[in-house]
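A.B. asks: Pasting the sequence and the predicted coordinates here, then a few questions.
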Amino acid sequence: MKIAIIGLGYVGLPLALRFARAGVSVLGLDVDAEKCAAINSGKSYIKHVSSESIGTLRKSGLLEATTDFARLCDRDAIIICVPTPLKAGREPDLSYVFGTGESLAPHLRRGQLVVLESTTYPGTTDTDLRAILERGSGLVAGRDFHLAYSPEREDPGNDTVDARRIPKVVGGLTTTCRDRAMACYALTVDQVVPVSSCRAAEAAKLLENIFRSVNIALVNELKTVYSAMGIDVWEVIEAAKTKPFGYMPFYPGPGLGGHCIPIDPFYLAWKAREYGQPTRFIELAGEVNTAMPVLVANRVTMILAENGRHERARVLILGLAYKPEVDDDRESPTYVLMKLLEERGMTVAYHDPYVPVIRPTREYPQYAGRRSAALTSEGHDLALLVTAHQVYRDLDFSSWPIPLVDTRNCVTRRPAKYFRA
């Protein structure tokens with residue numbers, strides 16, 4: 001089998017490596033020529049993916065990258081792993097998926113399998129993407145080529161779980177489409193889980209992330225309530241999670257990050273309106289989580305005021321990545337906090353060992369090129385810990401003379417002025 005993977009980011013690149021390790025010929029495709037050049041020269045641009053692993057597979061002849069869609073014509077399967085962000089009004093932005101479909105369609109041939117992995121609302125694969133592929137190729141899905149959906153299940157930076165042991169959900173336009181996709185993924189995972197349709201697979205992915213969003217919103221709200229009562233929510237969670245049944249722990253934070261949880265619930269909420277179905281519970285969770293950076297900014301403002309500083313205060317944010325030990329800054333709450341604090345007249349610097357310089361982003365272009373500051377209290381009036389990198393967990397903050405606001409409850413050697421938010 002010869003496979004192409006379109007989109008060589010945090011999902012597509014690891015997937016390409018897994019297929020290549022299984023002895024499959026993999027052609028990676030991305031519109032970013034720099035990414036393709038890096039792969040072809042055996043170099044990685046993602047922290048938790050080693051250059052050695054890419055270099056080994058390049059030497060084996062099983063991995064190659066290109067920007068040329070015309071080269072897809074000799075592939076047996078084509079897997080789409082492109083971003084699905086939100087527009088300003090929290091509406092789905094499927095321009096990357098649809099644009100990929102339009103570029104791919106002229107090169108489709110009979111018998112090929114096309115699988116979408118990008119998170120989206122139910123109906124994207126069997127209606128929107130299908131129409132684009134059929135119109136541009138002159139072929140009919142389910143008859144001339146196979147079409148399926150299989151949601152990605154990536155957890156960047158998590159080395160405790162073997163990717164091969166993560167089950168893969170697969171739904172197809174037809175039973176034959178599904179079976180072809182299952183045979184493809186069976187090369188890289190131990191268990192493939194069939195569902196009845198593309199829509200069921202799309203809905204399963206949304207359920208996974210909405211489940212997390214709702215439960216995180218619950219503990220975020222409880223943090224606010226318990227704080228007003230003088231109760232430590234972290235202590236409460238530690239006590240509750242000793243129950244061996246009927247409970248699983250979730251933790252509060254400064255806001256959601258990553259490509260999934262802050263975005264995916266709004267995909268379903270938007271689509272549900274087409275069917276006249278309200279999603280009050282889902283949208284409420286989204287509102288609670290979205291409000292967390294404001295609450296943290298308010299806490300920082302109050303602490304600075306109590307310490308005689310507010311106007312023109314200098315704040316050092318610890319952590320730009322959205323989760324520990326990765327360089328992934330997509331939807332990071334740090335960006336929101338930087339903007340909020342600067343709007344209040346503060347000067348904001350950040351430190352992150354994994355993000356030495358801020359790359360251009362669509363949402364916050366004003367921060368592109370800003371560099372990570374030194375990890376020191378000197379020159380700052382307050383430190384705000386946003387990402388629980390191990391370097392911060394291990395650091396002895398006890399000698400820091402400035403207040404430290406810890407949004408992750410991860411600092412053990414604390415300064416005299418230590419606060420949680």
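C.D. replies: On my side now, so go ahead.
A.B. asks: Quick one: residues contacting residue 311.
C.D. replies: residue 345 (C-beta atoms under 8 Å, 6 or more residues apart in numbering). Just so you know, the C-beta spots here come from the backbone N, C-alpha and C atoms, and that holds for glycine as well.
A.B. asks: How much space separates it from residue 340?
C.D. replies: 15 Å (C-beta to C-beta, to the nearest Å).
A.B. asks: now swap in residue 99 and tell me
C.D. replies: On the measure of C-beta to C-beta, residue 99 and residue 340 end up 33 Å apart.
A.B. asks: So between these two, which is more surrounded?
C.D. replies: residue 340 (18 against 13; other C-beta atoms under 10 Å).
A.B. asks: which one is that one nearest to, not counting chain neighbours?
C.D. replies: Excluding the flanking residues, the one nearest residue 340 by C-beta to C-beta, 6 or more residues apart in numbering is residue 297, at 4.2 Å.
A.B. asks: tell me which element that neighbour is part of?
C.D. replies: helix 280-306 (DSSP states H and E).
A.B. asks: so residue 350 sits in a strand?
C.D. replies: Yes. Assessed with DSSP: H, G, I helix; E, B strand; the rest coil, residue 350 lies in a strand.
A.B. asks: Return the residues in contact with it.
C.D. replies: By C-beta under 8 Å, 6+ apart, the neighbours of residue 350 are 316, 317, 318, 319, 320, 334, 338, 370, 372, 373.
A.B. asks: Just checking: what are the partner strands of the next helix or strand after the helix holding residue 297?
C.D. replies: The helix or strand immediately downstream of helix 280-306 is strand 314-318, counting by DSSP H and E. The pairing partners recorded for strand 314-318 under DSSP bridges are strand 347-351 (parallel), strand 382-385 (parallel).
A.B. asks: which SS class is residue 320?
C.D. replies: Of the three states, residue 320 takes coil under three-state DSSP.
A.B. asks: Hmm, it is touching residue 348, no?
C.D. replies: No. Here residue 320 does not reach residue 348: they are 11.2 Å apart, not a contact under C-beta atoms under 8 Å.
A.B. asks: For the two, indicate the residue with more neighbours.
C.D. replies: residue 320 (28 against 22).
A.B. asks: Give me the pLDDT value at the more buried one.
C.D. replies: Looking at residue 320, its pLDDT is 97.
A.B. asks: The closest residue to it other than its chain neighbours - how many residues pack around it?
C.D. replies: Spatial nearest neighbour of residue 320, chain neighbours left out: residue 352 (4.1 Å); criterion: C-beta to C-beta, 6+ apart. Residues within reach of residue 352, counting by other C-beta under 10 Å, total 25.
A.B. asks: go on, residue 326?
C.D. replies: 21.
A.B. asks: so which helix or strand takes in it?
C.D. replies: With DSSP H and E as criterion, residue 326 is part of no helix or strand.
A.B. asks: How about the one 10 residues further on?
C.D. replies: Residue 336 is part of helix 333-343, with elements assigned from DSSP H and E.
A.B. asks: name the helices or strands packed onto that helix?
C.D. replies: helix 280-306, strand 314-318, strand 347-351 (3 or more C-beta pairs under 8 Å, 6 or more residues apart in numbering; DSSP states H and E).
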